[in-house]
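*Asks:* next one to model:
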Amino acid sequence: MAQNSIPLDLGGAAAGVVPGAPANYDVNNPGSGFYPFLSSTAGAIMVLASLLVLLYLIWGGIEWITSGGDSAKVQKARDKITQAVIGIIVLASVFALFGVLQNFLGLN
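*Replies:* Numbers count the residues shown, from 1 in each chain. Predicted coordinates:
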């Protein structure tokens, strides 16, 4: 005599709902939610900022090369290069801070 087995449903887990998870959490797509969106957006902003700093650095170098010895143009180009290096330092600091926060909060 075979018995009919009824699966035990603990809070809707069989229906794709994880107890205690936010309402928009999808078991079949664990990459959904706010954190992956925030992470990808922050990564895109960091890439864009890095490209802009690199272009600003190149622009300062080109101005220095084409200054023709004019001290005002050389100083202007030197200021651009200095600002680009400061931008690189700020970007590296923000990148490191994001990494520390991710490790501290346990986010991967």
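*Asks:* all helices of the chain, in order?
*Replies:* 34-65, 71-105 (DSSP state H).
*Asks:* turn those into JSON lines, columns for mean neighbour count and mean pLDDT.
*Replies:* In this view, the C-beta of every residue, glycine as well, is placed from N, C-alpha and C. As requested, the helices of the chain are exported to JSON lines (neighbours: other C-beta atoms under 10 Å; pLDDT from 0 to 100):
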{"stretch": "helix 34-65", "mean neighbour count": "13", "mean pLDDT": "90"}
{"stretch": "helix 71-105", "mean neighbour count": "13", "mean pLDDT": "93"}
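*Asks:* for Glu63, which non-adjacent residue is closest in space?
*Replies:* Leaving aside its sequence neighbours, Glu63 sits nearest to Ala77 (C-beta to C-beta, 6 or more residues apart in numbering; 3.8 Å).
*Asks:* just checking, Met46 touches Val94?
*Replies:* Yes. At 7.3 Å, Met46 counts as touching Val94 under the criterion of C-beta atoms under 8 Å.
*Asks:* you'd agree Ala42 is up against Leu97?
*Replies:* No. With contact defined as C-beta under 8 Å, Ala42 and Leu97 do not form a contacting pair (11.0 Å).
*Asks:* returning to that earlier point: ok, now which ones touch the residue nearest to Glu63?
*Replies:* The contact partners of Ala77, by C-beta atoms under 8 Å, 6 or more residues apart in numbering, come to 60-61, 63-64, 67.
*Asks:* repeat the analysis, applying 6 Å as the threshold.
*Replies:* By C-beta atoms under 6 Å, 6 or more residues apart in numbering, Ala77 lies in contact with 60, 63-64, 67.
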